[in-house]
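J.: Below: sequence and its predicted model.
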Amino acid sequence: MSAAERSGTDLSRILAITRLQALGRRDGLLWPLVIVAIAFVVNLLVFAAIGDEALDGTEPITGGLASIYIAALAFGAVAISQQFPFALGMSVTRREFAAGLGLFVFGQSLLYSVILTVCQAVENATDGWGMRLRFFGLGFIDEVGVPGQLAVYGVPMLAMSLIGVTLGTIHIHWKVNGVFATTAGLILVLGGLAALLTWTRSWTAIWRWLADQPVLVLFGLLPLALAAVLALASWATLRRATA
């Protein structure tokens with residue numbers, strides 16, 4: 001078989017794996033949307049009960065949108081633990097599985113970003129659903145155009161999904177002890193870093209630097225860099241994992 005034929009075969013297998021993941025993870029695609037819809041309805045009811053007087057002319061951001069990102073992280077982890085052993089049993093190579101999963105996660109993030117961008121546009125057009133409520137809109141997101149909004153919603157979604165995928169690969173390779181050891185290590189490193197920044201009184205400079213960054217840097221480039229690191233880490237772990 002020539003290199004071109006082998007490349008075409010690999011691509012067709014990767015696309016087939018991606019389709020299987022989409023079919024097998026319809027719950028993974030649906031449940032994050034259900035969760036964020038429930039959070040949205042709850043916020044609507046709460047703010048309708050509060051009334052305009054209590055809001056004092058403000059446009060509060062509820063933070064309920066974070067629910068869809070947390071759900072994406074959870075289902076990223078579940079995708080590995082549920083599908084990787086099955087894929088190996090079907091003679092799918094680790095490279096094909098990783099490529100198919102990566103394509104699925106990218107498509108999922110793109111789909112969600114489109115949905116959230118549309119919801120944000122409707123929210124703006126209706127003056128916060130008629131009660132100045134900011135659930136999908138984040139205030140600063142109006143500073144960028146539609147392509148920028150897709151990036152602001154989609155790239156952090158990709159990073160959160162890959163956090164889940166990375167945790168799933170750690171669980172596959174090192175089981176529960178590996179997950180707890182990784183969590184403990186992160187707490188130790190982040191806690192030590194926080195202590196160092198506090199000791200050197202560097203927090204003010206860091207917050208000032210973050211505040212000076214463009215929206216697309218904070219919610220586009222930085223999460224994209226994190227996603228790239230996570231993708232490499234998860235692949236390095238997955239290639240040595242056994243079902």
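T.: Looks like it came in fine.
J.: What is the longest helix of the protein by residue count?
T.: helix 146-199 (DSSP state H).
J.: same for it, what does it pack against?
T.: Counting contacts by 3 or more Cβ pairs under 8 Å, 6 or more residues apart in numbering; DSSP states H and E, helix 146-199 packs against helix 66-89, helix 94-125, helix 215-216, helix 222-238. In this view, the C-beta of every residue, glycine as well, is placed from N, C-alpha and C.
J.: rank those by pLDDT, which is bottom?
T.: When the helices and strands packed on helix 146-199 are ranked by mean pLDDT, helix 66-89 comes last with a mean of 85.
J.: got the contact list for it?
T.: For helix 66-89, the external contacting residues (Cβ atoms under 8 Å, 6 or more residues apart in numbering) are 17, 21, 24-25, 28, 31-33, 35-36, 39, 94, 96-97, 101, 104-105, 108-109, 112, 116, 156-157, 160-165, 167-169, 171-172, 238, 241-243.
J.: picking that back up, show the average pLDDT along the longest helix of the chain.
T.: For helix 146-199, the per-residue pLDDT averages 93.
J.: Quick one: name whatever helix or strand follows that helix.
T.: As assigned by DSSP states H and E, the chain's next helix or strand after helix 146-199 is helix 203-212.
J.: Okay, angle between that next one and helix 146-199 too, please.
T.: 170 degrees (axes from the mean of the first three to the mean of the last three Cα atoms, to 10 degrees).
J.: Direction-wise, compare the longest helix of the chain with helix 222-238 and give the angle.
T.: Using the same axes, to 10 degrees: helix 146-199 against helix 222-238 is 80 degrees.
J.: For stretch 72-82, what is the distance to the chain centroid?
T.: Taking Cα atoms, centre = their mean, to the nearest Å, one finds the center of stretch 72-82 at 11 Å from the center of the full chain.
J.: about what we covered before: relative to helix 66-89, how tilted is the longest helix of the chain?
T.: Using the same axes, to 10 degrees: helix 146-199 against helix 66-89 is 100 degrees.
J.: next one: helix 146-199 to chain centre, how far?
T.: Using Cα atoms, centre = their mean, the offset of helix 146-199 from its chain centre is 11 Å.
J.: Also stretch 208-225?
T.: On Cα atoms, centre = their mean, the centre of stretch 208-225 falls 16 Å from that of its chain.
J.: could I get that stretch in PDB with only the CA atoms?
T.: Taking C-alpha atoms only, stretch 208-225 is exported to PDB below (Å, rounded to 0.1, in the frame of the first residue of the first chain):
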ATOM      1  CA  ARG A 208      -2.800  44.700  36.800                       C
ATOM      2  CA  TRP A 209      -1.100  42.700  34.000                       C
ATOM      3  CA  LEU A 210      -4.200  40.600  33.500                       C
ATOM      4  CA  ALA A 211      -6.400  43.600  33.400                       C
ATOM      5  CA  ASP A 212      -4.200  45.200  30.700                       C
ATOM      6  CA  GLN A 213      -4.500  42.100  28.400                       C
ATOM      7  CA  PRO A 214      -7.000  42.100  25.400                       C
ATOM      8  CA  VAL A 215     -10.000  39.900  25.800                       C
ATOM      9  CA  LEU A 216      -8.800  37.500  23.100                       C
ATOM     10  CA  VAL A 217      -5.500  37.000  24.900                       C
ATOM     11  CA  LEU A 218      -7.100  36.100  28.200                       C
ATOM     12  CA  PHE A 219      -9.900  33.900  26.800                       C
ATOM     13  CA  GLY A 220      -8.300  32.800  23.500                       C
ATOM     14  CA  LEU A 221      -4.500  32.500  23.400                       C
ATOM     15  CA  LEU A 222      -3.900  31.600  27.100                       C
ATOM     16  CA  PRO A 223      -6.600  28.800  27.100                       C
ATOM     17  CA  LEU A 224      -5.300  27.700  23.700                       C
ATOM     18  CA  ALA A 225      -1.800  27.300  25.100                       C
END
